Structures are given as structure tokens and as C-alpha cells.
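Asker: can you look at this prediction? I've put the sequence above it.
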Amino acid sequence: MKEYTVIFERGKHSWGAYVPDLPVCAAVAETREEVEKLIREAIELHIEDLRQSGEPIPEPAYFAASITVTA
């Protein structure tokens with residue numbers, strides 16, 4: 001099991017998600033719930049493709065945190 005950081009972005013009409021450790025993994029959907037499902041599938045498919053081609057599976061290197069400041 002590996003835990004990858006996923007960045008979610010809310011746009012005017014959709015949500016996007018990408019995985020910094022897996023640059024080709026991205027998804028777009030109308031809702032956050034839908035984009036979460038799609039990015040999970042994208043990660044799983046990407047890792048399976050790496051395995052099938054004999055390429056190494058990247059170790060997670062990115063981490064995210066929320067920091068609250070007065071604005």
C-alpha cells in the first residue's frame with residue numbers, strides 16, 4: 001500500500017485533481033465526489049500500467065497540509 005498526495009482544485013463549473021508523484025494522473029468532474037472516484041481509478045490504472053511495463057512505481061514524495069492564517 002502507498003499513500004499518494006492528491007491536489008483538488010475547484011473551478012467555476014468543475015473540480016480537478018492531480019497527483020504530483022504521478023504526473024500523468026489527473027481527473028476532472030462536475031463534483032468533488034466524482035473527481036475523487038476518478039482520480040482513484042486513474043492512480044490504480046497508472047500503477048497497473050507501470051507494473052505491466054516493468055517500470056518502478058514511484059515512492060510518495062509530496063505531502064500537503066493546510067495552514068490557517070489571518071487574511
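Answerer: Yes, it's here.
Asker: check contacts around residue 45.
Answerer: For residue 45, the contact set (C-beta atoms under 8 Å, 6 or more residues apart in numbering) is empty. For the C-beta atoms, the positions are set from N, CA and C on the backbone; glycine is no exception.
Asker: ok, which stretches of the protein are strands?
Answerer: Applying DSSP state E to the chain gives strands spanning 7-10, 15-18, 26-29.
Asker: which of those strands sits most buried?
Answerer: strand 15-18 (a mean of 19; mean count of other C-beta atoms under 10 Å).
Asker: chain center to that one: distance?
Answerer: 7 Å (C-alpha atoms, centre = their mean, to the nearest Å).
Asker: also stretch 23-31?
Answerer: Worked out by C-alpha atoms, centre = their mean, stretch 23-31 lies 7 Å from the chain centre.
Asker: contacts for that stretch?
Answerer: With contact meaning C-beta under 8 Å, 6+ apart, stretch 23-31 is reached by 13-19, 35, 37-39, 41-43, 46.
Asker: what sits against residue 70?
Answerer: Applying C-beta under 8 Å, 6+ apart to residue 70 gives no contacts.
Asker: what's the burial count for residue 54?
Answerer: 6 (other C-beta atoms under 10 Å).
Asker: so how far is residue 9 from the residue nearest to residue 34 when sequence neighbours are not counted?
Answerer: Using C-beta to C-beta, 6 or more residues apart in numbering and skipping the chain neighbours, the partner closest in space to residue 34 is residue 15 (7.4 Å). For residue 15, the distance to residue 9 (C-beta to C-beta, to the nearest Å) stands at 7 Å.
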